Structures are given as C-alpha cells and as structure tokens.
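Enquirer: pasting the sequence and the predicted model now:
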2 protein chains.
Amino acid sequence: MVKVGIIGVGTVGTSVAQILKDNADVISARAGTEIVVKSGVVKNLSKERGLDIALSTNVDDILDDPEIDIVVELMGGVEEAFEVVKKALKNGKAVVTANKALLAYHRYELAELAQDIAFEYEASVAGGIPIINALRDGLSANHIESIVGIMNGTCNYMMTKMTNEGVSYDAILKEAQELGYAEADPSFDVGGFDAAHKLLILASIAYGIDAKPEDILIEGIENVTKDDIAFAKEFGYAIKLLGIAKKDANEVELRVHASLISQKEMIAKIDGVMNGISVVGDKVGETLYYGPGAGGDATASAVVANIIDIARSGKSTPMLGFDRPMEGKKLTLKAVENITSKYYLRINVSDRAGVLAKITKIFEDNNISVETMLQRPALTGSANLLISTHIAVEKDIQNMIKEIEALEFVNFKPVMIRIV
Amino acid sequence: MVKVGIIGVGTVGTSVAQILKDNADVISARAGTEIVVKSGVVKNLSKERGLDIALSTNVDDILDDPEIDIVVELMGGVEEAFEVVKKALKNGKAVVTANKALLAYHRYELAELAQDIAFEYEASVAGGIPIINALRDGLSANHIESIVGIMNGTCNYMMTKMTNEGVSYDAILKEAQELGYAEADPSFDVGGFDAAHKLLILASIAYGIDAKPEDILIEGIENVTKDDIAFAKEFGYAIKLLGIAKKDANEVELRVHASLISQKEMIAKIDGVMNGISVVGDKVGETLYYGPGAGGDATASAVVANIIDIARSGKSTPMLGFDRPMEGKKLTLKAVENITSKYYLRINVSDRAGVLAKITKIFEDNNISVETMLQRPALTGSANLLISTHIAVEKDIQNMIKEIEALEFVNFKPVMIRIV
C-alpha cells in the first residue's frame, strides 16, 4: 500500500483525496497497489472539508512520518514550499506538486536534489492536460522547434468574450471576477505572469534552458481594446495571450504576450476558459494538446496521475527530461531586443494634414516595413491608425514607438501587439 | 550503450534509424545513454536505403543476437509478426512496434508474455500523437467516459475535401490515391478497418476490455454523398469517420462509422490528413490530442520515444495500462443492436402522393421520433428525404431501414449516418 500526505488541503487537495477515494477501483487496478491518503496539513483545522483523513497544522507531521511514501505539496507560494519539498526529498519521500511558482524559480535546484527520488509536477502546467508527459516522454525523439500555448484560462475567457460578444475589457474583467475565473487582484493572470511560470517549466523540458520570470519578456492583455479586435477580425486573426518558446540556431526566445494569430491555426480555435498547447518537433511536426487548464478536479487528475506513476515505478524519467546536458550544444536565452516578429500597432492621432507622412517616415527610418494600414475615426477630432508590419526586430519597434509617442499630434502611447 | 535491431526497414524503419542518428545529441542527453541501431532485417537486400547499418534477410540475426537490447518490429501483418515478437520477448528483448493489426488481434497474449519486459506501441495509434502515453499515464486517475477520435487521415482528408470543395467521393478518392494518401485498394482505410484496429487498442487501455475487429460495429465512408454533406452544413454538422468508445454503466460501446458531429466540437475542427482524439474522463473532463496520424518521420518519432523510454527505465508501466483487472467490475462489450444514437437518414423516393405518410408511419411503428426533415428534388421524378431523428436504438433503426427499403416507391437502400 502506498501512503500519501497532502500539504495544503484546499480545493485541489480536497479533490486529490476525493479522486483517490472515488476512483480507488480503477486506480488500484492500474497502479497494482492501493493508494491511500494518510494525512493532510492545513492552516485552519476548524474548516469543514468533508474528508475522513487525519489533519494537522504542522508540516513535519507529514515530512517526518516514516509511513508516508509520497508528499503532495499544494500549499502554494515559493520559498516556504521550497523548504517543505527540500525536506521531503531529504527524508527520501517522493514529491508531487502543482506549484508553478516554486518551479519557475527553483526547478533546477530541485532536479539536482531529486536525482534518485521521483519529483513530479504535471499539474503545474495547463491543469488537467498531460503536457509535461507529452513533452518529456512522447516527443523525446525531437528537437523542439517551438511551443505556442494558451496557458491561462482567465485571459482566454476574456479574449473570447471580447471577440465574440464585443464586450469591453473592463466589463469582461468584472464578469470574470464574478464567475471566479479572475482574482480580485487580477494582475497575476492578465499581466501574463501565470503563463510565464508555465512557459519556463516547458522550456526547461524542451530545451534544457534555465531562466527565471524576470529574464524574459512578459506582457499581458490589459491594453487590448475593441479596435484591436475589430482589426483582428477583419484580417483573419484571433487575439490570444500566448506563451511562446522558439528555437533559433543556438538561442531560445521565451515570451508571453497578447498575440494576433491566424484563425486557421488550431490554437486560434481554442475558446473560453480552455487551454491548449501546440508543440512543433523537427521530426513529428505539429502536435497539439487541449483541455481544462484549471479547476479542482482537472488539476487533481494530473496530481493523481503522478502519484499512480510513482506507485507503479518510482522514478522513471529525469525530472526535467534531460539526464545530462547536450554535449557542446547548450542553448542560451535570446535577448528580448533581438526577438523578431511581425507587429500590429494602433496609433491614436489628431486628424490633420501631414500626420501619415510623418509617421510613415519614422517607420522607414527604423527599417520597418508596413504590410497593411487602416485608418478609422476615433473620438472627436482623432483617428486610429491600425498598422501591421512585415518581420521586424524588437529593438527597432521599441525605438520607433518612442519616436512616435513623442510626436505632438500622437495622443497616447501607441499600442503594439505581436503577430505570431 | 543501448543497441536496437529493426525488423522491417521500410519508410518508418528508415526514419527510425535516421532520427536516432540525426538527433543523437538530444536523444542521448535525454536518455542518459547512447542509442544505436546495430542491424536491420529486410526482404530485399539490393534496395538502396542510404543507411549505414548491417542488413540481413533473416529475423533471427536480430532475435538471436545477444547484443541487441530492443527489437523494433515494423514488418507489418499479423501472424508472422506475432511469432517474431513472441520470440523477441522469449529471448528477453524489449519490443517496440507500430503494428496496429498485430495488437488488434494479439494484445492480451502479448501483455501476458511481456509481464516483466517492456513492450511498447505508441506509434500504432495516431502516428506521432502520444495518445497511448496520455491515456495510459496522463489520464490514469480517471474512469474514462468516452473516446471519440479521427484516427484515419485518409478518410479525414476525403471528408474535408468533399465538405470544403464540393468534390464527389469518387473524384476525391482518385486524388487521394494519386497523392499517396490512399492505397490502390482503399478498403482498409475507407471501410473503417484501420480506425477499428486503433480503437480496439485504446479501448483496452481505457477500459481493460478485450475485443477483436469482428466483434464491433465497423462501417466506412463509402456511402457519403454531396447530399449528406449539404444536409450536414445546413444543420451545423461536420462529417467525419470517427472511432468511438463509450462507457454506459457496465458496458462499453465500440464502433467506427461516418458520423455527423456538431461543428462547435473541437474534434469537428480537425481537417485534412490530421488526426485528433478527444478523451472524456470523469474527473478531468475533455482533453484532446491533435497531430499527424501517419508519415514516416511522425510515426518514427513515436517509435523512438518508446525506445528512449525503455533506455531510461526498462518497463515502467503495464503494457495495456492495467496491472490487474478491476475487482468485481469487469466491463463487457455492448451488443451492436443495443447501441443508442441520434441518426440521419437519406431516403430516395419516387415523388408521388402518399409517400411521406407511409414513411412517417414506419418511423412511428418503430418507435423512432423525427427531429428534422428536409425534402430535396433528386434525379428526374425522385426526391431525397433527409431526416434526423431523436435518440433511438440501433435495432429499431435497422428494422425500420429494412421496412422502408421494401417499399416499392423507395429507389435505393436508405443511407444512414449516426449523429454523435
């Protein structure tokens, strides 16, 4: 019999215990052994959870319990959780976590500590979708060319509603908060940080590359307006918050931002709170994984799959997919300023003669070539220029935006959305 | 160093050897060991393959070679391949195969023989998509409620072209043959047999259910016409050849047939030669896996992933996902006549008075309730009745079709397509 201790018995922890009980028949048949939750650690003992497991408020009641085989860390946060899982590994216990922030900061230290002990984290990226499993095992024969993912359901819900129902950003954010899809402080989701944590985890498995959130380009969806969505629709794009990892020679781009993507791509067809991740391998081509990226039961499904895997075979795969670095071929992070992309810009200008000439001159001076341009009337006396470019370099775009912003007939800082 | 022998060095076998060479850097880093192809067995030694491996025409040169760790079986066929892999297992060699026909008939005998030896077969279903991996490991915490998959790229290519370009079945079959998507004798693909083999493999992992192709409902796409596609479009459906496994209490339905499915479903959005499989678990909800279902490199990507997995950890998961049967809860195959579905019927009638009344009376006599009905003029003097029903039972539908076919003003056997 395999015994599990759960540290943090909130929504996901309760679902983990419930699944191990509800589905004990199929789980024990698949694992070849019974798996039971022996104990849990919570902050507040008086809260009713409807579970028949022993609860305490002291993590050591699990970490020092010689009967516990697998520690499930669902407490969240970074440093405190790091101390807890380190102690679990030191005590020889396998660890399963759903904690993406912990991994975004400490995955390489953990991989080092977990050389001979299973440390699994399927639920940390895209909830119930077994994307870690796919990338680490199913696609292991490939050099990964790119990963493009909808990794945040809140943002995808908001972008879908804005696109399909013409709702404004503020109205849909309020609705998402009322539905429980967005937090009271939504910045972790809408600012792209949640997606960035997940992207960093996938990038380690795909490329063996170490980076922290502060090293990469992270932008959110806060500046997307109805005008941008109208442009997107007119030119056959969807707008999505995407996490993107892309190999270019010996460098890897890592970035999270609102993106225009052709409606013909499968990933553009993923709507609502669902997540989806497209992976291109040099041999297999494109494969895509779709499903629920959040929710207690969906996330717990991934946690329990890891528990079953450990019960079956202990440690069967290196934690981050690499048993050793690629000889003489270490990939490095591409500097943000060197990223290349097509870009969309919305520039709000006072509607007068000579404006277009001045702006297009600045495009030319910065080596940026226009692909399409639309002019739309905006508020009284102003107009929006909606412009898409051919491939350009990030630093040129940023420089151009500064120069345009400085023009006296330009009313706001131009909004830029990258085209994928 | 792990040494591989390939039996059957055709398109896929050549790709396997090539990937192990091209991607040796990333593969050895992930596996923690070198993996090399030592030898291959072919039918015709004089054919140029561009590979630098030892070739022979005798399978025993691989099966009896004490240096070979992993036998890759890509010879195809059923009984001869069965003998080869049995001998490989007997000689203590791990086996990797892409042979769906072998597994459709012999997977339980092989699972018995491979108790302690790795036997992997990711490439046998949906080519490069790691669906075995997902279903056996990633979703292991769930009772699987249903699997609905586009598992044959040839059929999906044909249905997509017929839908988007209005091409006739015969014209598109000819085109698919010219492009190499369909064989000279296309019946294995368009008749649904290829998809059925794959469905049976997935059903074993999901449900632990043993069945052979002759036990289940298998129909193809041969009877789909432009009229059916026009009906589908008008009512918001796509037409796809689907493999379906569905749990209903203690029974499992297994069936392959042309299907009408709402255009809003993700699986309906999968076009062209691509494959996709939607899996609904009781805890995770729907997840979907999309990618190339065929092609040398895509299929070989899955074969090599299995080789890496074995090089990493030997046998880590029971071959068919179950270490032992579910106690007292064996699922059984639902009889075809008891399957329930919504149905679409196309009935070609001579256009005269009283026809509709007689046909609707037969519907009523068989307990079948009409949801929508369209009448369209067809060839001179005849009309097509296009009818969709509410949920009905297969045996009632089959009986009704017989009664309708017997009417003297009905010109052909009615065409029936199930609605998913």
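Expert: Noted; the coordinates are in hand. Numbers count the residues shown, from 1 in each chain, chains lettered A, B, ... in the order given.

Enquirer: from here on, contacts and neighbour counts on C-alpha atoms
Expert: Will do.

Enquirer: could you report the pLDDT at A:Gly381?
Expert: At A:Gly381, the pLDDT value in this model is 86.

Enquirer: swap that for A:Lys402, sorry
Expert: The score at A:Lys402 is 97. That number is its pLDDT.

Enquirer: and A:Ser350, by the same measure?
Expert: As predicted, A:Ser350 sits at a pLDDT of 94.

Enquirer: A:Lys329 too?
Expert: 81.

Enquirer: give the closest residue to it in space, chain neighbours not counted.
Expert: A:Asn250 (7.5 Å; CA to CA, 6 or more residues apart in numbering or on different chains).

Enquirer: quick one: that neighbour and chain B, what's the gap?
Expert: Noted for A:Asn250: a distance of 13 Å to chain B, by CA to the nearest CA, to the nearest Å.

Enquirer: would you agree A:Thr57 is in contact with A:Ser39?
Expert: No: the criterion here is CA atoms under 8 Å, and A:Thr57 misses it with A:Ser39 at 10.8 Å.

Enquirer: look at these two and report which has more neighbours.
Expert: Summary of the neighbour comparison: A:Thr57 and A:Ser39, criterion other CA atoms under 10 Å in any protein chain shown, with A:Ser39 having more neighbours (22 against 14).

Enquirer: what about the strands in the stretch 51-200 of chain A?
Expert: Counting by DSSP state E, counting those that start in this stretch, residue ranges of the strands within the stretch 51-200 of chain A are A:54-56, A:70-73, A:94-97, A:119-120, A:144-150.

Enquirer: what's the answer for the stretch 301-420 of chain A, then?
Expert: Along the stretch 301-420 of chain A, the stretches classed as strands by DSSP E, counting those that start in this stretch are A:332-333, A:340-350, A:370-377, A:382-389, A:392-393, A:415-419.

Enquirer: reformat those strands as CSV; add mean neighbour count and distance to A:Val85.
Expert: Compiled in CSV, these are given as follows (neighbours: other CA atoms under 10 Å in any protein chain shown; distance: least, CA to CA, whole Å):
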stretch, mean neighbour count, distance to A:Val85
strand A:332-333, 16, 28
strand A:340-350, 21, 39
strand A:370-377, 14, 51
strand A:382-389, 20, 47
strand A:392-393, 19, 42
strand A:415-419, 20, 38
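
Enquirer: out of those, nearest to chain B?
Expert: Shortest distance between chain B and the strands of the stretch 301-420 of chain A, using CA to the nearest CA, is found for strand A:332-333: 15.3 Å.

Enquirer: other residues contacting the closest one?
Expert: Residues from elsewhere that reach strand A:332-333, judged by CA atoms under 8 Å, 6 or more residues apart in numbering or on different chains: A:Ile209, A:Ala211, A:Asn250, A:Glu251, A:Val252, A:Glu253, A:Leu254.

Enquirer: could you find the closest non-adjacent residue to A:Arg255?
Expert: Closest residue to A:Arg255 in three dimensions, ignoring its sequence neighbours and counting by CA to CA, 6+ apart: A:Leu217, at 4.7 Å.

Enquirer: so how far is chain B from the one you found?
Expert: According to CA to the nearest CA, A:Leu217 and chain B sit 26 Å apart.

Enquirer: give the burial count for that residue, as a bare number.
Expert: Applying the criterion other CA under 10 Å, we find 19 residues in the vicinity of A:Leu217.

Enquirer: list the contacts of the residue in the stretch 301-420 of chain A that chain B sits nearest to.
Expert: Shortest the stretch 301-420 of chain A-to-chain B distance, computed as CA to the nearest CA: residue-wise this is A:Phe322, at 4.2 Å. Contact analysis of A:Phe322 by CA under 8 Å, 6+ apart lists A:Ile205, A:Gly208, B:Ala29, B:Arg30, B:Ala31, B:Gly32.

Enquirer: out of those, which comes closest to A:Thr380?
Expert: Distances from the contacts of A:Phe322 to A:Thr380 were compared by CA to CA; the smallest belongs to A:Ile205, at 51.7 Å.

Enquirer: how about the helix or strand hosting that closest one, does it get close to chain B?
Expert: Counting by DSSP states H and E, the secondary-structure element that holds A:Ile205 is helix A:193-207. No: residues of helix A:193-207 contacting chain B under CA under 8 Å from any CA of the partner chain: none, with a closest distance of 9.1 Å.
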